[in-house]
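In: take this sequence and fold it.
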Amino acid sequence: MRRLALVLMALIGTALPAAAERLVSSVSTETVEITSSFDGERLTFFGAIAPDAGADQRFVEGPFHVVVVVLGPTQDRVARKKTNNFGVWLNTEQVEFKGFPSYFHVLSSAKLRDITDVNTLTTSYILPESHALSPNPAGWWQTLTFGQELIRLMSEQELFGVQEGGVRFLSESFYQAQLTLPSNAPPGPYIAQTYVFKNGEIIARKSDGFAVRKIGFERFLALSSTQSPFLYGLACVVLALFTGWLGGVLFRR
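Out: This is a model prediction of the structure:
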């Protein structure tokens, strides 16, 4: 009888429709153009949590939490430590970070520690400190120490940040978040990774891409500096000499 009861319970469990959710999300613009007058741009991320395709359920049941992670192009960065040696400040230690984000911002519907545990936040690279824990020849402690300082410096430049409460639910399943890219946002491809949490677990996720690119004269300068560095440097020297000469002539008069 006991075995029969277990079999019946298993059959009933398989007969019930599985609760599955999917995320439908988007970003307000696909391209952010940087010109000489660019002073930042506000982006809007929005989406809805809906039943998965083919699911029997017609509505989703929360409560849900949403976390949006905006990641900019990755770069190799070096964090250095200066020490005072007989009155002279010198770089004595350094740690190189391969593939470090040039921009990283987190928007969440609540405090991150209230949404899920630290392990999930770290393994999903939701916490900024997650990028300071990647394997590095410098060692775990050195990497973490220098990585935290690098994150602090980039946070002062508004390139790293966490905005808890930056995601608002307009209904039980529809959310919206806004983020202002700073004027010094590095050009390149960006990814907005959106996570949906329920009872502390990730139940859905989706990635949306957009690009930040320079146009006009700014684009010409950027391409010249990378594609023709010698001619670009020579032109800068000639321009500086001409400006100095012209300034001397004007002030003599």
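In: rest of the way, CA atoms for contacts and neighbours
Out: Noted.
In: how about the strands of the stretch 151-253 of the chain, start to end?
Out: With DSSP state E, counting those that start in this stretch, the ranges of strands along the stretch 151-253 of the chain come out as 160-164, 167-169, 174-181, 188-198, 201-214.
In: mean pLDDT lowest where, among the ones you listed?
Out: When mean pLDDT is averaged over each of these, strand 201-214 scores lowest at a mean of 89.
In: list the neighbouring strands of it plus their orientation.
Out: Strand 201-214 sits in its sheet next to strand 31-34 (parallel), strand 188-198 (antiparallel), going by DSSP bridges.
In: need the next SSE after the worst-scoring helix or strand of the chain on mean pLDDT, C-terminal direction.
Out: Lowest by mean pLDDT, DSSP states H and E among the helices and strands of the chain is helix 2-15, with a mean of 36. Next along the chain after helix 2-15, taking DSSP states H and E as the criterion, comes strand 21-27.
In: so Val95 sits right up against Arg80, yeah?
Out: Yes. Judged on C-alpha atoms under 8 Å, Val95 makes contact with Arg80 at a distance of 6.6 Å.
In: so which of the two has more stuff around it?
Out: Per other C-alpha atoms under 10 Å, whichever of Val95 and Arg80 has more neighbours is Val95, with 20 against 16.
In: tell me which element that one falls in.
Out: Assigned by DSSP H and E, Val95 falls within strand 88-101.
In: what separates Thr145 from Glu129, distance-wise?
Out: Separation of Thr145 from Glu129 (C-alpha to C-alpha, to the nearest Å) stands at 10 Å.
In: got it, and Lys206?
Out: Applying C-alpha to C-alpha, the value for Lys206 to Glu129 is 22 Å.
In: and what of Glu201?
Out: 20 Å.
In: contact partners for Ser173?
Out: Ser173 makes contact with Ala48, Ile49, Ala50, Val60, Gly62, Phe64, according to C-alpha atoms under 8 Å, 6 or more residues apart in numbering.
In: surely the fifth one meets Lys198?
Out: Yes. The pair formed by Gly62 and Lys198 meets the contact definition of C-alpha under 8 Å, at 7.0 Å.
In: and the strand holding Val95, what other elements does it pack with?
Out: The helices and strands touching strand 88-101, judged by 3 or more C-alpha pairs under 8 Å, 6 or more residues apart in numbering; DSSP states H and E, are strand 74-85, helix 140-156.
In: what pairs with it, and is each one parallel or antiparallel?
Out: Note on strand 88-101: by DSSP bridges, its sheet partners are strand 74-85 (antiparallel).
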